[in-house]
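K.L.:
Structure for this input, please:
(one chain, ligands or ions: 2)
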Amino acid sequence: MGAKQCLSKSLNVFKWIPVLFIVAVAVWSYYAYVIQLCLLSVGSPAQKMLYLVFYHLFFIMFSWSYWQTVFTPVARVPHEFRPPTDVAFAFEHAETQQQQREILEEFSRNLPVVTRSLMGVRFCEKCYHIKPDRAHHCSVCECCVLKMDHHCPWVNTCVGWSNYKFFILFLGYAALYCIYVSLTSLPFFIAFWKNQVEAGPGKFHVLFLFFVATMFFISVSSLFSYHIYLLLLNRSTLESFRPPVFRLGPDKDGFHLGKFNNVAEIFGDDIKLWFFPIFTSKGDGTKFKVRSPHLCLGYDSTGTTTVTVPSTSKGDGVSYPQKTLGEEESNLLRFGRCGSSDESELNGLTHLTPSVNTSKTVERNSEYTSVLIEPV
Ligand SMILES: [Zn+2]
Ligand SMILES: [Zn+2]
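P.N.:
Ligands and ions are numbered 1, 2, ... in the order given. The predicted structure follows:
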């Protein structure tokens, strides 16, 4: 084993220190609350029981969510995004950057990729593959992570597509746990503070418990609120700082499908499962619905754009058949109307294509994307 690998392994051990810190605080808080507060300080058996039941409910949900966040493997980029040998050879031997970009553009036409960098197709030179939409390279994990949100040292892993639901639940249950401990220990904290009860080691555990719970509640609840805000807008933390780039340009709301749809994309359709750290996110982490203005400028493996007209509450109730547009018409769609992200663009589309003027949903290469036009 080389010196570099040894150093890397040693650093990996240090990366677990924040996780061990959280576990240590959680274990100590369990001792302080259950033993020192409930069993030794609370007098009434009924109050004792009530305190313990709700405490364990929050503690179990918090611990479960945290475990799932930490130990769910990060979602990596599938093999299909890696250029095959002949493409890689052509890419390596291209004479100019422009040629390299064209090779990647051509290869990515078979992939469900809509976003890009300002230079063209997003390509990770370290992992050597096209980056799927919303994937980013994490220098700590040393790989590209699907729908990367951020790398969190407190869970020693990347928060991304595979564990984002668990991370939000972890923050939510941690906030609930802290505020519950804080509020239920407050009367005892005041009594101890006023010296109405006998001083002892238990007194300091309860005093400290109140301080720690309150402090953690303030920090965790602010982070939780921020992630709820991002969740409702379907933005990752990285995207809130640097908006994803589409062919039309950067658009921080490019994946915004309406608040309920945004939440359902992460938490699934079954509301009963929203509150449990069980994986229910939709899709496979490489394909994401986008707002309609970006649709017609996305990649297309078939060279055609398919417009579906489902029956909706508007119109005459007739369900229109699918219409497949040829390359020429697709180009008309691509360059004739797409220029901004507001709803007037949809009207532009309908003027250009009168036969599909009642469309609500546009599908491009149905294997990959189905795109909502009107965010709620
Ligand atoms: Zn990478
Ligand atoms: Zn990472």
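K.L.:
As a check, name the ranges of all strands in the stretch 201-350 of the chain.
P.N.:
245-246, 249-250, 305-308, 323-325 (DSSP state E, counting those that start in this stretch).
K.L.:
Would you mind naming what in the protein lies close to ligand 2?
P.N.:
138, 140, 141, 151, 158 (C-beta under 5 Å from the ion). Every residue, glycine included, has its C-beta placed from N, CA and C.
K.L.:
Quick check: bridge partners of the fourth one?
P.N.:
Same thing as residue 151. residue 158 (DSSP bridges).
K.L.:
for it, what are its contacts?
P.N.:
Going by C-beta atoms under 8 Å, 6 or more residues apart in numbering, residue 151 touches 138, 140, 141, 157, 158, 159.
K.L.:
Could you count how many residues lie near the second one?
P.N.:
Neighbours of residue 140 under the rule other C-beta atoms under 10 Å: 14.
K.L.:
for the third one, same thing?
P.N.:
A total of 16 residues lie near residue 141 under the criterion other C-beta under 10 Å.
K.L.:
what does the fourth one give?
P.N.:
A count of nearby residues for residue 157, using other C-beta under 10 Å, gives 24.
K.L.:
pretty sure it is touching residue 68, no?
P.N.:
No. Here residue 157 does not reach residue 68: they are 11.0 Å apart, not a contact under C-beta atoms under 8 Å.
K.L.:
which residues do those two both contact?
P.N.:
residue 163.
K.L.:
what pairs with residue 130 across the strands?
P.N.:
residue 123.
K.L.:
correct me, but it touches residue 122?
P.N.:
Yes. Between residue 130 and residue 122 a contact is recorded at 6.8 Å, counting by C-beta under 8 Å.
K.L.:
Identify the contacts common to those two.
P.N.:
With C-beta under 8 Å, 6+ apart as the test, residue 130 and residue 122 both reach residue 113.
K.L.:
which residues does residue 163 contact?
P.N.:
Counting by C-beta under 8 Å, 6+ apart, residue 163 has contacts 68, 69, 72, 74, 157.
K.L.:
how close does it get to ligand 1?
P.N.:
18 Å (C-beta to the ion, to the nearest Å).
K.L.:
again, but for residue 125
P.N.:
8 Å.
K.L.:
burial count for that residue?
P.N.:
Residue 125, neighbours per other C-beta under 10 Å, totals 7.
K.L.:
Noted, bye for now.
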